[in-house]
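**Q** What shape does this take:
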Amino acid sequence: QVQLVESGGGLVQAGGSLRLSCAASVRTLSMYYMAWFRQAPGKEREFVAGISWSGDSTYYADSVKGRFTISRDNAKNTVYLQMNSLKPEDTAVYYCAADRILITIATMNRASWGQGTQVTVSS
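**A** This is a model prediction of the structure:
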């Protein structure tokens, strides 16, 4: 299991930006596929963005495409989520996830998860 610690959440006005960070306690982060998910009150956890082991491939949910950017710094054992043009519907707890394999809805239960960081976007 990988220990993950998210940070960077907070309260922001619509149209604003936030940058989330996920620090991983591993020897070699490049062995892990990394992803961000989010969960709003009363809703299921949903995929936001994913990044391949080397960082050369990224994947986004349609709802955030063009506004959010996932990146990773394997030397620092950290993954980031830059969120721009935030909307009230982006309000949720954001979770970082790690696994040796691609993380999908079907495989997410085997991944390691952080404790989450709250993002609140006011209108």
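**Q** For residue 9, give me its contacts.
**A** 18, 20, 94, 117-119 (CB atoms under 8 Å, 6 or more residues apart in numbering). C-beta here means a position set from N, CA and C on the backbone, and glycine is covered the same way.
**Q** Tabulate these in TSV, adding columns for neighbour count, distance to residue 67 and pLDDT.
**A** Compiled in TSV, these are given as follows (neighbours: other CB atoms under 10 Å; distance: CB to CB, whole Å; pLDDT from 0 to 100):
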residue	neighbour count	distance to residue 67	pLDDT
18	21	11	98
20	23	13	98
94	23	14	98
117	22	18	98
118	12	19	98
119	22	13	98
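**Q** which among these gets closest to residue 72?
**A** Set against residue 72, the nearest of these by CB to CB is residue 20 (12.4 Å).
**Q** ranges for the strands of the protein?
**A** Taking DSSP state E as the test, the strands found in the chain are 3-7, 10-13, 18-25, 33-39, 46-51, 58-60, 68-73, 78-83, 92-99, 112-113, 117-122.
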